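Asker: Build me a model from this:
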Amino acid sequence: MAACGAGSDANTSNAYAPTEANVLIDGADSGKTYGRNGIKIAQAFALGPASGQQIAPGGSVPLYLSMVNYGTNSDTLEGVAVNDRSATSVKSGGPITLPPGQLVNTGRPASQVVLEGTQKALRGGESLSLTLRFTNAGDIAMTIPVITRSREYASLSPAPSPSPSATPSAVPSASQTATPAASPTANG
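Answerer: Presented below is the predicted three-dimensional model:
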């Protein structure tokens, strides 16, 4: 007989918090530390379609990040680059300021970072490779999951529909970032 776990502390009885935290563990010193260059990303995911549905190729998905700057100076998320050509562009509401010690969410109250022009249909469960560009912390590459818009994620806002006159831009590479337009506020 095999099982995933038993008791009140079994991993199957805990809430699932999507993140790719293993890329944020640095072992530069004698022990491993969570975070990189003072930035800790507690949660990161792209919000996909409702359960049982799909986002068609060319669609958009919002990016949800929960970040804390543990440095002594403010930092700024300047842009996001798509590493795996899973989307043609990244639309950002502007540079996102991370004051020291304050939780910043990019998806609340509305999505501030949207991956546009998906290259394949998304159903949820896929992974996307991104690079987050910070002013002080530098580039942080990570792989994030696409989460279905169900259960505790059902109340999150999907990506806004693209305007009919929008023309997809070239796929951002690791050397390109989204052009920011406005500064969002931090939520805690």
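Asker: When you work out contacts or count neighbours from here on, use the C-alpha atoms and nothing else.
Answerer: Noted.
Asker: Please, where are all the strands along the protein?
Answerer: Secondary structure of the chain (DSSP state E): strands at 25-26, 33-34, 39-50, 60-69, 75-82, 87-92, 96-98, 103-105, 113-118, 127-134, 138-149.
Asker: Confidence-wise, which of those strands is weakest overall?
Answerer: Mean pLDDT is lowest for strand 25-26 out of the strands of the chain, coming in at a mean of 56.
Asker: roughly how far apart are the residue lying closest to residue 118 once chain neighbours are set aside and residue 119?
Answerer: Nearest residue to residue 118, sequence neighbours excluded (C-alpha to C-alpha, 6 or more residues apart in numbering): residue 87, at 4.1 Å. The gap separating residue 87 from residue 119 is 6 Å, by C-alpha to C-alpha, to the nearest Å.
Asker: now swap in residue 149 and tell me
Answerer: Counting by C-alpha to C-alpha, the gap from residue 149 to residue 119 is 19 Å.
Asker: Who has more neighbours out of the two?
Answerer: residue 149 (22 against 15; other C-alpha atoms under 10 Å).
Asker: ok, the more buried one - contacts?
Answerer: Shown in contact with residue 149 (C-alpha atoms under 8 Å, 6 or more residues apart in numbering): 47, 48, 49, 50, 51, 155, 156.
Asker: and the second one, how many neighbours does it have?
Answerer: Other residues within reach of residue 48, judged by other C-alpha under 10 Å, total 28.
Asker: gap between residue 145 and residue 123?
Answerer: Taken as C-alpha to C-alpha, the span from residue 145 to residue 123 is 11 Å.
Asker: no, scratch that, I was asking about residue 87
Answerer: 15 Å.
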